[in-house]
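Visitor: Turn this into a structure:
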Amino acid sequence: MKRILYFAAAALMLAACNQKEPVATPDPVQISVVKSDVIFDALGGSGKITVSAKGSVKATSASDWCQVSVSGSDINVTAAQNDGLDGRASRITLECNGESIYLTAQQTGMTYTFKNTSYLVEMAGGEVDILGESTFEVSAGAQQDWINVTEIEGGYHITIPANDSGDKRVGTFTIKCKDVETVYTFTQKFDRNFAGTYKVDFFSSSAKTTAKTQATLTSTTSADLHLREKFLSNLMLPRICLS
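Guide: Numbering: from 1, shown residues only. Model prediction:
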């Protein structure tokens with residue numbers, strides 16, 4: 001009898017050891033993405049997300065420029081035009097039966113390659129081509145009538161005539177696109193050339209006497225004046241009269 005009980009206890013222990021723990025069955029996936037097209041250029045447009053879902057789907061976007069709407073298993077995504085130079089992104093949340101997944105819609109900034117530039121123009125005048133690209137239409141114009149502008153493919157041709165104004169002059173040409181403005185500055189020289197021979201009256205004074213003498217003044221450039229006469233060593237030049 002004891003032997004029978006021993007074998008019965010051993011059988012129960014063996015059965016207990018061979019019994020497997022129950023395996024938890026994971027909940028079925030409620031929603032997953034099948035296909036996604038949510039990358040946009042600066043012009044904006046429409047894209048679509050296709051999902052596999054066990055029920056109705058709710059979609060939301062974190063940004064106003066990115067609008068979403070649900071149509072069955074498709075989520076329609078609309079991106080507004082991006083007038084800025086910087087790209088942007090918006091998080092899209094898709095929810096079904098309490099389960100959520102996330103995607104990111106992305107949009108590039110507009111292309112705009114015109115750059116602020118300054119030019120030094122000779123007195124005789126000159127010309128230059130200003131070239132660039134822009135996603136959107138630009139407006140352009142010169143603020144001075146001596147800056148002549150011609151529209152060409154890919155930009156503008158600028159012509160500056162000879163400077164006969166009597167002085168150095170500065171003008172600007174501006175290109176605008178949305179909130180972006182580019183300014184081109186043109187500084188044109190005016191060389192004051194005093195080449196020639198002049199009569200010069202030099203006045204010299206001392207405690208005892210006041211003297212006056214004449215000489216010939218020759219100017220080769222605006223910055224280089226030569227006197228062709230021998231003057232008194234103590235000559236002072238408080239006043240020069242050209243005639």
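Visitor: what residues are up against Ala53?
Guide: 30-32, 73, 96 (C-beta atoms under 8 Å, 6 or more residues apart in numbering). C-betas here are computed from N, CA, C, even on glycine.
Visitor: how close does it get to Gly126?
Guide: Separation of Ala53 from Gly126 (C-beta to C-beta, to the nearest Å): 67 Å.
Visitor: returning to that earlier point: looking at the contacts of Ala53, which one is closest to Asn148?
Guide: Of all the contacts of Ala53, Ser73 has the smallest distance to Asn148: 60.6 Å, by C-beta to C-beta.
Visitor: Count the residues that sit near that closest one.
Guide: Applying other C-beta atoms under 10 Å, we find 13 residues neighbouring Ser73.
Visitor: Name the nearest residue to it, ignoring sequence neighbours.
Guide: Distances taken as C-beta to C-beta, 6 or more residues apart in numbering place Val51 nearest to Ser73, at 5.5 Å, with adjacent residues excluded.
Visitor: What's the first helix or strand after the host helix or strand of that neighbour?
Guide: Per DSSP states H and E, Val51 falls inside strand 45-53. Sequence order places strand 58-61 as the next helix or strand after strand 45-53, per DSSP H and E.
Visitor: Other residues contacting that next one?
Guide: 49, 67-70, 75, 77, 90-96, 105.
Visitor: mind running it again at 10 Å?
Guide: 31, 38, 49, 51, 67-70, 75-79, 90-96, 100, 103, 105 (C-beta atoms under 10 Å, 6 or more residues apart in numbering).
Visitor: Now list the buried members of those residues.
Guide: With neighbours counted by 16 or more other C-beta atoms under 10 Å, the contacts of strand 58-61 contain buried members at 31, 38, 49, 51, 67-68, 70, 75, 77-79, 90, 92, 94-96, 103, 105.
Visitor: How many neighbouring residues does Gly72 have?
Guide: 10.
Visitor: Please apply the same query to the one 10 residues further on.
Guide: Under the neighbour criterion other C-beta under 10 Å, Asn82 is assigned a count of 22.
Visitor: Please name the residues that touch it.
Guide: Counted by C-beta under 10 Å, 6+ apart, Asn82 has contacts 40-44, 65, 88, 107-110, 135-136, 178.
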